[in-house]
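>>> Sequence and predicted structure, then a few things I'm wondering about:
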Amino acid sequence: MQTDDVIRIFVGVDRTQILALRVLEHSIRRHTTAIVEITPMIDLPIPLPQDPKNFPRTGFSFTRFCIPKLSGYQGKAIYMDADMQVFFFFCSLWGIPFDGAHVILQDEQNAMYRPNGQRERKRQSSVMLLDCAQLTWDINHIIQDLDEKRYTYRELMSELCIVSPDKIAHRLPEKWNHLDAYDAQTNLTHYTEMQIQPWLSSKHPLAEIWFSEIRLMLSNGSLTWKEIEDDITAGYLRPSLIRDIKYGHKLSRPSRAIFNWINHKIDRLSGFRPHQVFYRLLQESRKKSAEHRGVLIVK
């Protein structure tokens, strides 16, 4: 029997984001005294849609729909993307009441931060609270309905059309999903700028905040240099990341620009490209699934 005494978190992640996942987990556990159960949803056996236009945009796009079944259709759970970092008491997120809703999303009326200083309004489902006892989702049926054109990919992913609108509550505070932003009100930062995520580039303006969590992990033994080096060798992380972790916090602002330029050169000369391995793995996965179903992939 599941109880709400345990905070159950399911994380959408692919093999190239394991370090990001570990940073997220470390930051969550630092900000709660509750028991936390974190389940990485990686390489789940999810069928591929027949139409390539409906293929998942990431390796874990559809995994969120597996959460109720993974929970035994009991209790509640939180969905999160791996590329996040928590800064506030996590029980305050877990404790948001459903009050008859089945899904709790971010308030659509709240403007979202962007790195260019602009703010936009859109539904965000990268952090969701789910009442698993009320959600009868089955990923096989969901993909089948997508194949049968009962809804579009956008309606499924952006509008969450498989849930009645009156069962979706938009009461998740904006501060629990600040997109590439951090200020005194931030409870969670989401590193959404794909090409400049801190583990992939020196250019993210909040990189030093993410590195500070890494340094804590290295100091308390929850992460080792070898683990970072292994991920660099695998092509998941930029080679210059180690320089940033070791020396970035010691630099003055003028020195930082030169330091970043050198980092960029190191990464380029090594042949590293952001998400290069991810896209290769995603394409291989799509090809394998499509061949199994007899679907033609258009590159």
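Okay, I see it.

>>> The stretch 51-200 of the chain: helices as residue ranges?
67-70, 91-94, 139-147, 153-157 (DSSP state H, counting those that start in this stretch).

>>> Look at Lys265 and report its pLDDT.
Looking at Lys265, its pLDDT reads 95.

>>> and the particular helix or strand that has it in it, what other elements does it pack with?
Secondary structure assignment for Lys265, by DSSP states H and E: helix 253-270. Packed against helix 253-270 by the contact rule (3 or more Cβ pairs under 8 Å, 6 or more residues apart in numbering; DSSP states H and E) you find helix 241-247. Quick note: C-beta positions are derived from backbone N, CA and C, even for glycine.

>>> The helices of the stretch 51-200 of the chain: which one's closest to Arg253?
Arg253 lies closest to helix 91-94 among those, at 34.2 Å (Cβ to Cβ).

>>> Alpha carbons only: can I get the helix holding Lys265 in PDB?
Presented in PDB, the C-alpha positions along helix 253-270 are these (Å, rounded to 0.1, in the frame of the first residue of the first chain):
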ATOM      1  CA  ARG A 253      34.600  38.600 -14.200                       C
ATOM      2  CA  PRO A 254      37.300  39.700 -16.700                       C
ATOM      3  CA  SER A 255      39.100  36.400 -16.400                       C
ATOM      4  CA  ARG A 256      35.900  34.500 -16.800                       C
ATOM      5  CA  ALA A 257      35.500  35.600 -20.500                       C
ATOM      6  CA  ILE A 258      39.000  34.300 -21.400                       C
ATOM      7  CA  PHE A 259      38.400  31.100 -19.400                       C
ATOM      8  CA  ASN A 260      35.200  30.400 -21.200                       C
ATOM      9  CA  TRP A 261      36.900  31.000 -24.600                       C
ATOM     10  CA  ILE A 262      39.500  28.400 -23.700                       C
ATOM     11  CA  ASN A 263      36.800  26.000 -22.600                       C
ATOM     12  CA  HIS A 264      35.100  26.400 -25.900                       C
ATOM     13  CA  LYS A 265      38.300  25.700 -27.800                       C
ATOM     14  CA  ILE A 266      39.000  22.600 -25.700                       C
ATOM     15  CA  ASP A 267      35.500  21.200 -26.300                       C
ATOM     16  CA  ARG A 268      35.600  22.000 -30.100                       C
ATOM     17  CA  LEU A 269      39.100  20.400 -30.500                       C
ATOM     18  CA  SER A 270      38.000  17.300 -28.700                       C
END
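
>>> Need the phi and psi values for Pro173.
Pro173 adopts backbone torsions of phi -60, psi 140, taken as degrees, to the nearest 10.

>>> Give me the contacts around stretch 187-196.
The set of residues external to stretch 187-196 that reach it, using Cβ atoms under 8 Å, 6 or more residues apart in numbering, is 20, 81, 83-88, 92-93, 115, 126-127, 173, 175-182, 197-198, 200-201, 203-204, 206, 209-210, 274-275.

>>> measure that stretch end to end?
21 Å (Cα to Cα, to the nearest Å).

>>> what about it, average pLDDT?
95.

>>> before we move on, back to that, for PyMOL, what selects the buried ones among the contacts of stretch 187-196?
Entered in PyMOL, the line below selects the buried ones among the contacts of stretch 187-196, by 16 or more other Cβ atoms under 10 Å:
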select buried, resi 20+81+83+84+85+86+87+88+93+126+127+175+176+177+178+179+180+181+182+197+198+200+201+204+206+209+210+274+275
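
>>> Sort out for me which of the contacts of stretch 187-196 are in strands.
Asp81, Met84, Gln85, Val86, Val127, His178, Leu179 (DSSP state E).

>>> Okay, and the beta partners of the fourth one?
Okay, so that is Val86. According to DSSP bridges, the residues that bridge with Val86 are Leu188.

>>> And it, how close does it get to Ser27?
4 Å (Cβ to Cβ, to the nearest Å).

>>> Distance from the helix holding Lys265 to the middle of the chain?
27 Å (Cα atoms, centre = their mean, to the nearest Å).

>>> quick one: buried residues of that helix?
Quick answer for helix 253-270 (16+ other Cβ under 10 Å): Phe259, Asn260, Asn263, Ile266, Asp267.

>>> got a list of contacts for it?
Taking Cβ under 8 Å, 6+ apart as the rule, helix 253-270 contacts Ser201, Ser202, Lys203, Arg238, Pro239, Ser240, Arg243, Asp244, Tyr247, Gly248, Leu251.
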